[in-house]
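Participant: Pasted the sequence and its predicted model underneath.
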Amino acid sequence: MDYSVIPVPVLTVLDTLKNKGFRAHVVGGCVRDLLLGREPKDWDITTDAKPDQVLESFPDSFYENDFGTVGVKVEPFHKEGRPDREHDVIEVTTYRAESSYSDRRRPDQVSFVSNLTEDLSRRDFTMNAIALEVTEPASPSGASREIDIIDPFHGQEDIRQKMIRTVGNPEQRFGEDALRMMRAVRLYAELREPGTDTADNWVIDYPTVQAIRKHAQLLCHVSRERIRDEFSRIIVSGNPSEGVELLRTTGLLHDIIPELEDGVGIGQNLHHKYEIYEHNLLALRYCPSTKLDVRLASLLHDVGKPRTKRGEGYRSTFYNHDHVGARMTKDILRRLRYPVSIIERVTLLVDNHLFYYNVGEVTEASVRRLIKRVGLENMRDLMAVRIADRLGSGVPKAKPYKLRHLEYMIDKVSNDPVSVKMLAIGGSDLMNDLGIEPGPKLGAVLDVLLSEVIGDPSLNLRDSLLARAKSLSKEDIDTLRERAREVIEEKKEEDDRDIRSRHRVAK
Ligand code: ATP
Ligand code: MG
């Protein structure tokens, strides 16, 4: 390995520590990534300097966590051609020993050690337990630096063999920190090529995977946030479906999303070749988006099916599984402590994934109502979920023409009013011209106007809206609310009925 793979700011931190008489090595995930030819996500250094000595050595540094990791701020740097992947903090951690984990979440206390091998031995997987020693330049020009690889647990050999293996006894290591089981599956999903069962693909070492099966139930001791972070990485990885399937076969999924397991072995109807769980997994696999929320929605879009199944065989139905699934999705994501913004988007996508669209049959007004319900900004993602759904259903082939046509319709109606903001008159017109008081009634009048304009955008003219508002303003607020609700809800029901009747045996 040529030392030029190590960015200059990282070399500078190493040199600074060494000039003070400490030892310092590049370590962890970045070494693994370099050996794999991947761009490191972050740069970690391990040292025998104690945290306060590290802080003293770098004026611009701070404590990152309670375990003695110090963040050293450096000039921002990035790999050539990747300005989007900028680094400006290097994490420096003092050699640590494995200490006891009585709550199975985090070490009771951190104990420092003086020996690099001991520090490497507490790391999770052999490929994450490799250190680089960068020799100092013999001359100030820096010409003769060299890199030595320190690899006491044979991580390089495991990388060559594409093997994820714990450092030491897997049962003991998962007993200390159950999150490592999730990390094993995450690395598997990131490294394993999808759909190839050849010997030349990443696997988890047999005793390691057996230990996960045996200890899967320990995951309940791990904080939901840590589980969520690894789970999200599985979902956005290059091989999310095999990742989720491994979570299931090892028993880990049972602690994360048991609702998905309810679809195992549950058949569908004539629209589907696959069982429910399999179909959810394939939808995730074929999801055309790399965004976390769209992928989560693809995985969860039919999570409501097992609970709504009626009848058996080709004619079974799943009425309302979209709305039931949306409620379940909300509960699942809340439980995993996802931020509200993600929960809302995924729930919205699941709730609306059955939108009806057939070229020539669907009116512009119903496309406008769909946009009003979903939001123009979410339409592309909703279509991605739909593509995932179709590609994952196995029969019949995806119908890109229909979706291209829908895109065209969306473009066509996207300047039509679908929110009160887009009406040709606003609240101030109603106040100034008609003397309506600011307040709930004014909002109700605007809602009625909008509901009518969604049905027919040619009504969106200032004068006719003002005239209509004048007559509406004579009605009481409850009548107005009822009127707006009727138009929108009635139409929504009509759209829903469309969905149900076209898929007589509901999808
Ligand atoms: P990435 O940065 O791509 O997420 P990583 O392996 O660097 O992957 P980090 O969470 O940054 O993951 O951890 C840095 C290093 O710390 C790991 O490579 C590993 O050596 C060690 N490590 C992290 N988490 C654990 C753990 N739960 N148990 C033991 N060692 C761990
Ligand atoms: Mg890392």
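Facilitator: Cool, got the structure. Numbers count the residues shown, from 1 in each chain. Ligands and ions are numbered 1, 2, ... in the order given.
Participant: how about the nearest residue to residue 200, chain neighbours excluded?
Facilitator: Leaving out its chain neighbours, the residue that sits closest to residue 200 by Cβ to Cβ, 6 or more residues apart in numbering is residue 162, at 7.0 Å. Heads up, the C-betas are built off the backbone N, CA and C, glycines and all.
Participant: What pLDDT does the model give the nearest residue to residue 472 once chain neighbours are set aside?
Facilitator: Spatial nearest neighbour of residue 472, chain neighbours left out: residue 445 (5.0 Å); criterion: Cβ to Cβ, 6+ apart. Residue 445 is assigned a pLDDT of 92 by the prediction.
Participant: Isn't residue 445 up against residue 427?
Facilitator: No. Between residue 445 and residue 427 there is no contact under Cβ atoms under 8 Å: 9.0 Å.
Participant: returning to that earlier point: could you tell me how far the residue nearest to residue 472 is located from ligand 1?
Facilitator: Distance, residue 445 to ligand 1, using Cβ to the nearest ligand atom, to the nearest Å: 54 Å.
Participant: you'd agree that residue is in a strand?
Facilitator: No. Using DSSP: H, G, I helix; E, B strand; the rest coil, the assignment for residue 445 is helix, not a strand.
Participant: which residues touch it?
Facilitator: Neighbouring residues of residue 445 by Cβ atoms under 8 Å, 6 or more residues apart in numbering: 430, 436, 469, 472-473, 480.
Participant: could you redo the last one with a cut-off of 10 Å?
Facilitator: By Cβ atoms under 10 Å, 6 or more residues apart in numbering, the contact set of residue 445 is 427, 430, 434, 436, 465, 468-470, 472-473, 475, 477, 480, 483-484.
Participant: now those: which count as buried?
Facilitator: 427, 430, 434, 436, 465, 468-469, 472-473, 475, 480, 483-484 (16 or more other Cβ atoms under 10 Å).
Participant: what helix or strand is the residue in the stretch 401-507 of the chain positioned nearest to ligand 1 on?
Facilitator: Of all residues in the stretch 401-507 of the chain, residue 403 sits closest to ligand 1, at 34.7 Å by Cβ to the nearest ligand atom. For residue 403, the host element (DSSP states H and E) is helix 400-413.
Participant: just checking, what packs against that helix?
Facilitator: Under the contact definition 3 or more Cβ pairs under 10 Å, 6 or more residues apart in numbering; DSSP states H and E, helix 400-413 sits against helix 364-374, helix 379-391.
Participant: What average pLDDT does the longest one get?
Facilitator: Same thing as helix 379-391. If you average the pLDDT over helix 379-391, you get 89.
Participant: can you check the first one too?
Facilitator: The predicted model gives helix 364-374 an average pLDDT of 85.
Participant: Near ligand 1, which residues of this structure? Just list them.
Facilitator: 28-29, 41-42, 44, 123-124, 128-129, 177, 179-180 (Cβ under 6 Å from any ligand atom).
Participant: In contact with the residue of the chain found nearest ligand 1, which residues?
Facilitator: Taking Cβ to the nearest ligand atom, ligand 1 has its nearest neighbour within the chain at residue 29, 1.9 Å off. Taking Cβ under 10 Å, 6+ apart, we find residue 29 in contact with 38, 40-44, 123, 125, 127-128, 187.
Participant: Same check on residue 1?
Facilitator: 31, 34-35, 132, 134, 146-149 are the contacts of residue 1 under Cβ under 10 Å, 6+ apart.
Participant: what does residue 28 give?
Facilitator: Contacts of residue 28 by Cβ under 10 Å, 6+ apart are 40, 42-46, 91, 93, 120, 123-124, 127-131.
Participant: now residue 448
Facilitator: Contacts of residue 448 by Cβ under 10 Å, 6+ apart are 468-469, 472, 475, 479-488.
Participant: Just the pLDDT for it.
Facilitator: At residue 448, the model reports a pLDDT of 91.
Participant: Look up phi and psi at it.
Facilitator: Main-chain dihedrals, residue 448, degrees, to the nearest 10: phi -60, psi -40.
Participant: Just give the closest residue to it, not the sequence neighbours.
Facilitator: Leaving aside its sequence neighbours, residue 448 sits nearest to residue 484 (Cβ to Cβ, 6+ apart; 4.7 Å).
Participant: Quick one: mean pLDDT for the helix or strand hosting the one you found?
Facilitator: Taking DSSP H and E as the criterion, residue 484 maps to helix 477-502. When pLDDT is averaged along helix 477-502, the result is 69.
Participant: can you check stretch 416-432 too?
Facilitator: For stretch 416-432, mean pLDDT rounds to 87.
Participant: what separates it from the chain centre, distance-wise?
Facilitator: Offset of stretch 416-432 from its chain centre (Cα atoms, centre = their mean, to the nearest Å): 37 Å.
Participant: can you check stretch 331-348 too?
Facilitator: 11 Å.
Participant: can you check stretch 448-462 too?
Facilitator: Centre-to-centre, stretch 448-462 and its host chain are 38 Å apart (Cα atoms, centre = their mean).
Participant: about what we covered before: nearest to residue 409, out of the helices and strands packed on helix 400-413?
Facilitator: Comparing these by their distance to residue 409 (Cβ to Cβ), the top pick is helix 364-374, with 4.9 Å.
Participant: What are the buried residues along that closest one?
Facilitator: So for helix 364-374, counting by 16+ other Cβ under 10 Å, buried means 365-374.
Participant: Equivalent analysis for stretch 347-360, please.
Facilitator: 347-357.
Participant: repeat for stretch 283-295
Facilitator: Result for stretch 283-295 [16+ other Cβ under 10 Å]: buried residues 283-287, 289, 292-295.
Participant: Format the residues you listed as TSV; extra columns: pLDDT and secondary structure.
Facilitator: Formatted as TSV, these follow (pLDDT from 0 to 100; DSSP: H, G, I helix; E, B strand; the rest coil):
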residue	pLDDT	secondary structure
283	95	helix
284	97	helix
285	95	helix
286	92	helix
287	93	coil
289	94	coil
292	98	helix
293	97	helix
294	97	helix
295	98	helix
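Participant: Nearest to residue 224, out of those: which one, please.
Facilitator: Among these, residue 292 lies closest to residue 224 (Cβ to Cβ), at 16.2 Å.
Participant: In contact with that closest one, which residues?
Facilitator: Under the criterion of Cβ under 10 Å, 6+ apart, the neighbours of residue 292 are 232-233, 235-236, 338, 342, 345-346.
Participant: out of the residues you listed, which are inside helices?
Facilitator: Judged by DSSP state H, the contacts of residue 292 include 232-233, 235, 342, 345-346 as members of helices.
Participant: all strands in the protein, in order from the N-terminus.
Facilitator: Counting by DSSP state E, the chain has these strands, from start to end: 24-27, 44-47, 61-63, 69-77, 87-94, 131-134, 147-150, 163-164, 203-204.
Participant: With distance to ligand 2 and mean neighbour count as extra columns, can I get those strands in TSV?
Facilitator: Shown next, in TSV, are these (distance: least, Cβ to the ion, whole Å; neighbours: other Cβ atoms under 10 Å):
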stretch	distance to ligand 2	mean neighbour count
strand 24-27	10	24
strand 44-47	6	23
strand 61-63	18	15
strand 69-77	11	18
strand 87-94	8	21
strand 131-134	14	21
strand 147-150	18	14
strand 163-164	16	22
strand 203-204	19	20
